Structure formats: C-alpha cells, structure tokens
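K.L.:
I'd like to go over a predicted model; first the sequence, then the structure.
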Amino acid sequence: MQKLSPQEEELMLIIWQQEKGFIKEFIDKMEEPHPPYTTVASIVKNLEKKGYVTSKMYGNTYEYIPVIDEMEYKKKFLSHVVKNYFENSYKDLVSFFAEEKKISAEELQEIIKLIEKTNL
C-alpha cells in the first residue's frame, strides 16, 4: 500500500465518507475555493492506479468506490509513524501529545478506561 499525498488523503477521506460517488460530488464536498474538475479527476486517477479506488462506468462518466478500508489505512500508516518517529512505542506517542498539550488529562482518563474495558 503506497502512502498518499496530502491531496490524495483529503480526497480519500471524502470518498470514504461518501462510500462511493462521482467526481462532481467529491468536488462539492471539498473546501472553498473548489479545485478544478480536471485536478480532482487527476487525483482520483492516481488513487485508482495506487489501488485505493475502483471505478464503474455509467455512460460517459465514472463512479468511484473505495477498495481500501479507511481503518486499514489508518492502522498501516499510524503504525509507520509510531515505528519511525516514536521508536515503536505508543507510550512515547501519547507522551508526546501530552507534553505538547494536544491531549487533556480527561482524554487520557477516557483512553485508560477504554483500554481497561477492552482488556477484560
């Protein structure tokens, strides 16, 4: 699975949210100012080449459907970040966010409760 560029990732998030759709629909979900149709079409074609989406032809237009599951993508690339930037330690990842004040004590307590719940 190839890493996505920021533009590809932004578009994949929309495709995952929509579950499937046409380029025009994806453009409508993007932030203003909307990129040109040809730009989005090019990004979608790259996603198709990388194996993230597949297409179905309807007349002279294509509908795009995700092939890669969003959760699968998150797991793969979060694991990559943890391995390469936090010496394969999720504890170091959480510590980093705590030190940077990106996560509150209340959120950490919620995470602890979630971990305890799933380990029962």
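P.N.:
Received it, and whenever you're ready, just let me know what you need. None of these values were measured; they are calculated from a predicted model.

K.L.:
how about the helix ranked longest in the chain as CSV, C-alpha atoms only?
P.N.:
With secondary structure taken from DSSP state H, the chain has its longest helix at helix 70-85. Extracted C-alpha coordinates of helix 70-85, given in CSV (Å, rounded to 0.1, in the frame of the first residue of the first chain):
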residue,chain,number,x,y,z
GLU,A,70,-10.3,3.7,6.0
MET,A,71,-9.5,1.8,9.2
GLU,A,72,-6.9,-0.4,7.3
TYR,A,73,-5.2,2.7,6.0
LYS,A,74,-5.1,4.4,9.4
LYS,A,75,-3.7,1.3,11.1
LYS,A,76,-1.0,0.9,8.4
PHE,A,77,0.2,4.5,8.5
LEU,A,78,-0.1,5.1,12.2
SER,A,79,2.0,2.1,12.8
HIS,A,80,4.5,3.5,10.3
VAL,A,81,4.6,6.9,12.2
VAL,A,82,5.0,5.1,15.6
LYS,A,83,7.8,2.9,14.3
ASN,A,84,9.7,5.7,12.6
TYR,A,85,9.2,8.6,14.9
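
K.L.:
in it, which residues are buried?
P.N.:
Using 16 or more other Cβ atoms under 10 Å as the test for burial, helix 70-85 gives 73, 82. (C-beta placed from N, C-alpha, C; glycine too.)

K.L.:
give me the residues contacting it.
P.N.:
1, 3-4, 12-13, 16, 88-90, 93 (Cβ atoms under 8 Å, 6 or more residues apart in numbering).

K.L.:
go again using 10 Å as the cut-off
P.N.:
Helix 70-85 is contacted by residues 1, 3-4, 9, 12-13, 15-17, 52, 66, 68-69, 88-93, 96 when judged by Cβ atoms under 10 Å, 6 or more residues apart in numbering.

K.L.:
just stretch 101-114 next, same as before
P.N.:
Contacts of stretch 101-114 (Cβ under 10 Å, 6+ apart): 94-98.

K.L.:
off-centre distance for that stretch?
P.N.:
With Cα atoms, centre = their mean, to the nearest Å as the basis, stretch 101-114 stands 23 Å off its chain's centre.

K.L.:
just the angle between the helix or strand where residue 7 lies and helix 70-85, please?
P.N.:
Using DSSP states H and E, residue 7 falls within helix 6-18. Put simply, helix 6-18 runs at 150 degrees to helix 70-85, going by axes from the mean of the first three to the mean of the last three Cα atoms, to 10 degrees.
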